[in-house]
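1. Test case, fold it:
(2 chains)
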Amino acid sequence: DTGVSQDPRHKITKRGQNVTFRCDPISEHNRLYWYRQTLGQGPEFLTYFQNEAQLEKSRLLSDRFSAERPKGSFSTLEIQRTEQGDSAMYLCASSLDTSGYEQYFGPGTRLTVT
Amino acid sequence: AQKVTQAQTEISVVEKEDVTLDCVYETRDTTYYLFWYKQPPSGELVFLIRRNSFDEQNEISGRYSWNFQKSTSSFNFTITASQVVDSAVYFCALSEAQRDSSYKLIFGSGTRLLVRP
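-> Okay, the predicted model is just below:
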C-alpha cells in the first residue's frame, strides 16, 4: 500500500513565476486536502476535494491559487505570480470519506520564492 | 470558534525520562475528533492517534499514552522512557463533525521535543 506522494519535493522559483505541484493520494481515499505550513507553525487548511469536486476553500487561498482534481484521482495546486510570502511547505493529505477518519500526509513540497 | 492550543513551544529531556505534551482545544460541536501527529526532521507528518468526543477512555500504545478529559478540554500525550528517536515536533489537531462537513484539521502550533542522550 503506497502512501501519499507529492512532486516536486522542492521548488525554487523567482517572484512572479507560476508553479504547479502534484499530489497523488492513497488510491482508495476519495477525500483530498491541501495545507500550507510555514516555519514554526502548524499546517493550515487551504482546500479540500471530495472525489473531483472542490467543496471548500480557505480564505488563505487567494485568487492566485487554483487547485484541481480531475477524475477524482491526483490533484494539482497552481500558484500564479508567486510572491515571497508564498514560501512555505505545501502538504497534501488524503482520507476515506468517513467522519473523523484520519488524514494521511505526503512528504510535502517546499516552495522557496526568491 | 475552533482552536487548538499547545502552550509548550519546546521541551528538552534526557533519554529515559517521561514527558507529557499538553493540548487544549476549543469547539462548540458536541461531536468532534482529536488527533496527534508527529513531524520528525524529515518533515512528513505521521499519524499517531485519533479519539472521538464520545470516547474518554485513555489509550496506551507501547511507550505512548493519551489522556482525554472533556471536562478540561484537554488531550495530553505522554511518552514514557523517552528515546532519542522521539525527537520531533508533535502536533495536536481537531476536526469537527457537525459544523464542518470537510472534517478539515485545525492544528495547534506544535511542541518541539528534544530528547538528549
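
2. can you tell me which helix or strand the residue nearest to the spatial centre of chain A belongs to?
-> Centroid-nearest residue in chain A: residue A:34, 3.3 Å away (criterion: C-alpha atoms, centre = their mean). Taking DSSP states H and E as the definition, residue A:34 sits inside strand A:31-37.

3. Can I get the helix or strand that that strand is followed by in CSV, CA atoms only?
-> Counting by DSSP H and E, the next helix or strand C-terminal to strand A:31-37 is strand A:44-50. What follows is strand A:44-50 as a C-alpha-only set of coordinates in CSV (Å, rounded to 0.1, in the frame of the first residue of the first chain):
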residue,chain,number,x,y,z
GLU,A,44,-3.2,25.5,7.9
PHE,A,45,-6.1,24.3,5.7
LEU,A,46,-6.2,25.6,2.1
THR,A,47,-8.8,23.5,0.3
TYR,A,48,-10.5,20.1,0.0
PHE,A,49,-11.9,17.8,-2.6
GLN,A,50,-14.4,15.0,-2.4
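
4. For the helix or strand bottoming out on mean pLDDT in chain B, name the packing helices and strands.
-> Least confident helix or strand, chain B: strand B:59-61 with a mean of 88, by mean pLDDT, DSSP states H and E. Here strand B:59-61 touches strand B:46-52, strand B:64-69, going by 3 or more C-beta pairs under 8 Å, 6 or more residues apart in numbering or on different chains; DSSP states H and E. Just so you know, the C-beta spots here come from the backbone N, C-alpha and C atoms, and that holds for glycine as well.

5. Can you get me a residue count around residue B:117?
-> For residue B:117, the neighbour count with other C-beta atoms under 10 Å in any protein chain shown is 7.

6. Would you enumerate the residues in contact with it?
-> B:14, B:15, B:84 (C-beta atoms under 8 Å, 6 or more residues apart in numbering or on different chains).

7. got those residues as TSV, with distance to chain A and pLDDT columns?
-> As requested, these are arranged in TSV below (distance: C-beta to the nearest C-beta, whole Å; pLDDT from 0 to 100):
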residue	distance to chain A	pLDDT
B:14	24	98
B:15	25	97
B:84	22	97
